[in-house]
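Student: Following is a predicted model, sequence given first.
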Amino acid sequence: MFERLVTEAPLFFNYHNMVFIGQAMARTLGMTLIGCGVGFVFGMLIAVVRQTTSSLLWPVRLVVISYVEFFRRIPFLVILFIVLFVIEPLMPGTSLFGIATVSVCLLSTAFLSEIIRSGLESVPRAQVETAQILNFNVLQTLMMVVLPQSWRVILPPAAAFIVMFIKDTSLASQLGVIELTFAGKMLINRGFSPILGFGAILVCYFALSYPLSRFAAYLERRLAPS
């Protein structure tokens, strides 16, 4: 086995294979950052809507709660195929990368909304009531009272979720998206050793997730109360 690795290594680590792996790595990172970025924005909106108490918004709250509970309880692979079978008839020719990214958005919105909601609820109710007594409107209360205190609760688990989701994007290979896991399979199908193929993919996943995990640890230390 060692002799085979020594023989194949110069052929494996050539320019074209490295470009191929780099492109797959970019797709994995792109799906994660775009999907979780969109998910964070919509998750924030959902969390804020769920915090409202207006009776006029109860149908909206019911819809967003149903959305969150539904998508948090079905596997990501199932979401991928649901999105595929819904988008393909409506928008033929949509790229598999786009379909996978939409799936990431749907799932990350549900999970991140719960993380954000827990952060918003960590602010003592007395402070919100004090802001209302001072005639702060809803937006002013959110931006000036609630969010500045809730970031320390929101950001560390949100960053950890993004790190975790880098690995979960490997399921997009079931659709044919050429991300890191699928790239490793293709390299092995070309005749390279599985140790070389998936070893390189392992290093790439580590290179993507480790800096983000260290950033999450930094946020946790930086935002921790003194």
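Tutor: Cool, the structure landed.

Student: got the residue ranges for the helices in this protein?
Tutor: Along the chain, counting by DSSP state H, helices occupy 2-12, 15-51, 58-71, 76-90, 96-121, 125-133, 138-141, 147-168, 180-189, 194-223.

Student: Return the most buried member of those helices.
Tutor: A comparison of those by mean neighbour count, using mean count of other C-beta atoms under 10 Å, puts helix 96-121 on top with a mean of 22. C-beta here means a position set from N, CA and C on the backbone, and glycine is covered the same way.

Student: How far away from the center of its chain is it?
Tutor: Between the centre of helix 96-121 and the centre of its chain there are 7 Å (C-alpha atoms, centre = their mean, to the nearest Å).

Student: if we can go back for a sec, out of the helices of the chain, which is closest to Q174?
Tutor: Among those, helix 76-90 comes nearest to Q174, with 6.2 Å by C-beta to C-beta.

Student: which helices and strands sit right next to the closest one?
Tutor: If you count contacts as 3 or more C-beta pairs under 8 Å, 6 or more residues apart in numbering; DSSP states H and E, helix 76-90 packs onto helix 96-121.

Student: what angle separates the helix it packs on from helix 147-168?
Tutor: Using axes from the mean of the first three to the mean of the last three C-alpha atoms, to 10 degrees, the inter-axis angle of helix 96-121 relative to helix 147-168 is 150 degrees.

Student: Could you name the helices and strands sitting against helix 96-121?
Tutor: Judged by 3+ C-beta pairs under 8 Å, 6+ apart, helix 96-121 is in contact with helix 15-51, helix 58-71, helix 76-90, helix 147-168.

Student: low-scoring stretches of the protein, by residue?
Tutor: Low-confidence segments of the chain (pLDDT under 70): 1-2, 5, 224-226.

Student: contacting residues for the residue positioned nearest the centre of the chain?
Tutor: With distances taken as C-alpha atoms, centre = their mean, C36 lies nearest the centre of the chain, 3.6 Å away. For C36, the contact set (C-beta atoms under 8 Å, 6 or more residues apart in numbering) comprises 104, 108, 112, 161-162, 165.

Student: now do 6 Å
Tutor: Shown in contact with C36 (C-beta atoms under 6 Å, 6 or more residues apart in numbering): 108, 162.

Student: repeat for L112
Tutor: Listed by C-beta under 6 Å, 6+ apart, the contact set of L112 reads 39-40, 43, 158.

Student: now do 10 Å
Tutor: Contacts for L112 (C-beta atoms under 10 Å, 6 or more residues apart in numbering) come out as 36-44, 46-47, 68, 154, 157-158, 161-162, 165.

Student: That one and G35: what is the separation?
Tutor: Distance, L112 to G35, by C-beta to C-beta, to the nearest Å: 10 Å.

Student: Understood, closing this out.
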